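Q: only geometry, no sequence info:
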């Protein structure tokens with residue numbers, strides 16, 4: 001078999017590359033004109049909504065049916081709002097509210113923004129059941145730990161997003177929730193039995209498939225119950241036998257970022273890509289870390305070489321290309337016209353309304369005072385985030401509270417700066433003033449727990465705001481759980497502290 005133009009075109013069809021810049025580079029324009037079917041946008045490609053619309057229009061000038069994908073979950077994982085912070089809470093907050101109409105409306109509202117920007121494929125929602133509270137990479141990205149709840153809200157999210165003309169993507173199949181390793185760095189092991197997986201992790205994916213989800217994203221997970229040798233992204237037993245045959249999914253199977261160490265480590269980026277297509281994946285997401293033409297070509301050529309060598313059947317590649325083309329046709333047919341949003345009571349944005357409803361307040365002292373009687377000192381304990389979350393995306397309570405209570409001061413500490421001396425300095429800054437301690441997944445970070453204990457020993461009257469998973473609610477005179485660290489969650493907490501919102 002020769003490396004002919006038809007084989008090269010088939011391989012090009014299944015590669016979804018990323019690229020650098022706020023406008024398409026020459027190599028992307030050229031490849032789209034030659035048959036590349038889709039691209040993936042990252043925060044590095046995004047400045048403003050109008051700029052993104054111009055970018056996607058330039059892509060469509062080369063290929064009117066181009067697939068434009070993005071990893072936009074709302075909440076902690078946002079690309080469209082990475083610079084300013086998300087105006088919608090993430091999935092965990094929606095699960096806490098447990099209003100399916102609200103979840104559907106949030107997803108539809110997000111879909112309107114994506115469609116207006118020319119984006120027709122969103123790698124969301126996370127259908128993972130976060131049954132391990134120490135999970136380092138899912139956490140707030142999941143609707144919760146109960147499979148029934150996650151299934152209901154996964155279906156509602158899919159319904160809302162796709163009603164706006166944007167394809168949804170249930171991830172990370174067959175379920176990344178019960179893991180303790182970040183697949184950006186290693187291979188997480190899912191130790192559950194097949195029966196346990198069917199009872200818990202797989203249920204939200206069944207719900208998404210029943211709702212007509214257009215795509216499913218693989219997880220770079222080792223699941224011995226189905227395949228004890230190959231990660232799910234590369235496993236025919238997981239992708240074909242389980243997802244295609246047993247669960248009946250007929251849409252596009254797209255890989256999680258193929259550069260991630262869990263799959264590229266043993267095989268290289270090209271080798272992992274070819275093995276993923278052979279195992280049943282239809283599209284390769286690449287370019288999160290290597291956003292250049294050389295990498296995209298290397299992936300294409302590795303897929304072609306696998307066909308020539310005989311271990312990737314050409315029929316399998318052709319089937320993958322067909323599915324990707326059908327998705328692109330669906331995306332093109334839905335149009336890219338902004339659908340008007342219905343008016344809301346008092347013109348409260350839907351994201352802020354949701355964030356307010358997700359707040360949970362525990363008063364542990366009869367003398368606890370809300371709203372705060374004076375501008376406080378706020379200390380924010382900032383953990384290092386996983387690679388799915390942009391490290392510079394704004395979060396916290398201090399900034400929005402300062403606008404509501406002028407005179408508010410803020411200190412932000414990290415694992416390297418949260419020394420005993422730094423904590424004493426915070427206490428000195430809060431003498432004769434209210435103290436607000438803001439944490440983020442404190443139960444997973446001993447340094448946060450130590451700093452918080454130090455603060456509360458000296459100031460038992462402090463207010464604690466937990467913006468991650470709330471491991472405990474018995475900390476501080478008042479404990480506020482936002483169930484999310486999106487900018488809008490910080491705004492809702494600030495309103496409670498300042499007295500602008502009463503629950």
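A: Noted; the coordinates are in hand. On a predicted model such as this, the values are computed, not experimentally measured, just so you know.

Q: which residues does residue 102 contact?
A: Listed by CB atoms under 8 Å, 6 or more residues apart in numbering, the contact partners of residue 102 are 94, 350, 354, 357. (Each C-beta comes from the backbone N, C-alpha and C, glycine too.)

Q: And it, how far from residue 358?
A: If you measure residue 102 against residue 358 using CB to CB, to the nearest Å, the figure is 10 Å.

Q: Can you check which residues contact both of the two?
A: residue 94.

Q: Filter the contacts of residue 102 down to the buried ones.
A: Neighbour counting with 16 or more other CB atoms under 10 Å marks 94, 350, 354, 357 as buried within these.

Q: Now the phi/psi pair for residue 256, please.
A: phi -60, psi 170 (degrees, to the nearest 10).

Q: pLDDT weak spots in the protein?
A: 1, 180-186, 335-346, 367, 386-388 (pLDDT under 70).

Q: make it 50
A: Scanning the chain with the threshold set as pLDDT under 50 gives 337-338.

Q: For it, which segments count as strands?
A: Under the criterion DSSP state E, the chain contains strands at 15-17, 38-41, 67-70, 121-122, 169-173, 215-218, 252-254, 284-286, 360-363, 377-381, 409-413, 435-439, 463-466, 478-481.

Q: now those strands in a markdown table, with distance to residue 317 and mean neighbour count?
A: What follows is these, written out as a markdown table (distance: least, CB to CB, whole Å; neighbours: other CB atoms under 10 Å):
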| stretch | distance to residue 317 | mean neighbour count |
| --- | --- | --- |
| strand 15-17 | 11 | 26 |
| strand 38-41 | 16 | 26 |
| strand 67-70 | 17 | 26 |
| strand 121-122 | 20 | 28 |
| strand 169-173 | 21 | 28 |
| strand 215-218 | 17 | 26 |
| strand 252-254 | 13 | 27 |
| strand 284-286 | 11 | 28 |
| strand 360-363 | 50 | 15 |
| strand 377-381 | 49 | 26 |
| strand 409-413 | 50 | 17 |
| strand 435-439 | 49 | 26 |
| strand 463-466 | 48 | 27 |
| strand 478-481 | 48 | 23 |
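
Q: for these, which one sits closest to residue 132?
A: Closest of those to residue 132 is strand 169-173, at 13.7 Å (criterion: CB to CB).

Q: ok, residues contacting the closest one?
A: By CB under 8 Å, 6+ apart, strand 169-173 touches 121-128, 154, 158, 183, 204-205, 208-209, 213-221, 232, 238, 243, 253-254, 256.

Q: try stretch 454-466
A: 365, 367-368, 370, 372, 376, 379, 397, 420, 423, 426-427, 430, 434-440, 442, 452, 473, 475-482, 493, 497.

Q: Show me where the stretch 301-450 of the chain has its helices.
A: Assigned by DSSP state H, counting those that start in this stretch, the helices in the stretch 301-450 of the chain fall at 314-334, 350-357, 398-404, 420-429, 446-458.

Q: Using CSV, lay out those together with distance to residue 114.
A: Shown next, in CSV, are the helices of the stretch 301-450 of the chain (distance: least, CB to CB, whole Å):
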stretch, distance to residue 114
helix 314-334, 11
helix 350-357, 14
helix 398-404, 25
helix 420-429, 40
helix 446-458, 34
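
Q: which stretch among these comes nearest residue 66?
A: Of all the helices of the stretch 301-450 of the chain, helix 314-334 sits nearest to residue 66, with 7.0 Å by CB to CB.

Q: Tell me which of the helices of the stretch 301-450 of the chain is the most buried.
A: helix 350-357 (a mean of 23; mean count of other CB atoms under 10 Å).

Q: tell me what it is packed against?
A: With contacts taken as 3 or more CB pairs under 8 Å, 6 or more residues apart in numbering; DSSP states H and E, helix 350-357 sits against helix 91-97, helix 100-116, helix 487-498.

Q: Find the nearest non-adjacent residue to residue 440, please.
A: residue 468 (4.3 Å; CB to CB, 6 or more residues apart in numbering).

Q: Would you quantify the distance from that neighbour to residue 64?
A: Going from residue 468 to residue 64 by CB to CB gives 43 Å.

Q: likewise residue 44?
A: From residue 44 to residue 64 the distance is 25 Å (CB to CB).

Q: Looking at these two, which is more packed in?
A: Ranked by neighbour count (other CB atoms under 10 Å), residue 44 and residue 64 place residue 44 first, with 16 against 10.

Q: ok, now which ones touch residue 150?
A: Residue 150 sits next to 95, 127-129, 142-144, 203-204 when contact means CB under 8 Å, 6+ apart.

Q: Going by distance to residue 300, which of those residues wins?
A: residue 127 (29.5 Å).

Q: what's around that closest one, how many residues?
A: Residues near residue 127, counting by other CB under 10 Å, number 37.

Q: How about the one 10 residues further on?
A: The tally of other residues near residue 137 (other CB under 10 Å) stands at 22.

Q: you'd agree it is up against residue 176?
A: Yes. Residue 137 lies in contact with residue 176 (CB atoms under 8 Å); the separation is 6.9 Å.

Q: Okay, residue 279 and residue 238: tell me how far apart.
A: Using CB to CB, one obtains 8 Å as the distance from residue 279 to residue 238.

Q: And for residue 470?
A: Distance of residue 470 to residue 238, computed by CB to CB: 33 Å.

Q: For the two, indicate the residue with more neighbours.
A: Higher neighbour count among residue 470 and residue 238: residue 238, with 26 against 23, using other CB under 10 Å.

Q: any idea how far the residue lying closest to the more buried one once chain neighbours are set aside lies from residue 219?
A: Leaving out its chain neighbours, the residue that sits closest to residue 238 by CB to CB, 6+ apart is residue 232, at 4.3 Å. From residue 232 across to residue 219, the span is 5 Å (CB to CB).

Q: which two in the contacts of residue 150 are spaced the farthest apart?
A: 95 and 203 (14.3 Å).

Q: Between these two, tell me which one has more neighbours.
A: More neighbours surround residue 95 than the other of residue 95 and residue 203, with 23 against 19 (other CB under 10 Å).

Q: any idea how far that one lies from residue 248?
A: Distance of residue 95 to residue 248, computed by CB to CB: 26 Å.

Q: do residue 69 as well
A: Residue 69 sits at a distance of 24 Å from residue 248 (criterion: CB to CB).

Q: same deal with residue 264?
A: Using CB to CB, residue 264 is found at 30 Å from residue 248.

Q: So which of the two has more stuff around it?
A: When neighbours are counted by other CB under 10 Å, residue 264 comes out ahead of the other of residue 264 and residue 248, with 20 against 10.

Q: about what we covered before: now intersect the contacts of residue 150 with the helices, please.
A: 95, 203-204 (DSSP state H).

Q: Which one of the residues you listed is nearest to residue 27?
A: residue 204 (37.9 Å).

Q: Surely that closest one is in contact with residue 148?
A: No. Contact criterion CB under 8 Å: residue 204 and residue 148 do not qualify, at 9.3 Å.

Q: So between these two, which is more surrounded?
A: When neighbours are counted by other CB under 10 Å, residue 204 and residue 148 differ, and residue 204 comes out ahead with 29 against 13.

Q: List the contacts of the more buried one.
A: By CB under 8 Å, 6+ apart, the contact set of residue 204 is 127-129, 147, 150-151, 154, 170, 175.

Q: mind redoing it with 6 Å?
A: With contact set as CB atoms under 6 Å, 6 or more residues apart in numbering, residue 204 has these partners: 127, 150-151, 154.

Q: could I get the residues you listed as CSV with distance to residue 30?
A: Shown next, in CSV, are the contacts of residue 204 (distance: CB to CB, whole Å):
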residue, distance to residue 30
127, 36
150, 42
151, 44
154, 38
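
Q: Pretty sure residue 312 sits against residue 279.
A: No. With contact defined as CB atoms under 6 Å, residue 312 does not reach residue 279; the gap is 9.6 Å.
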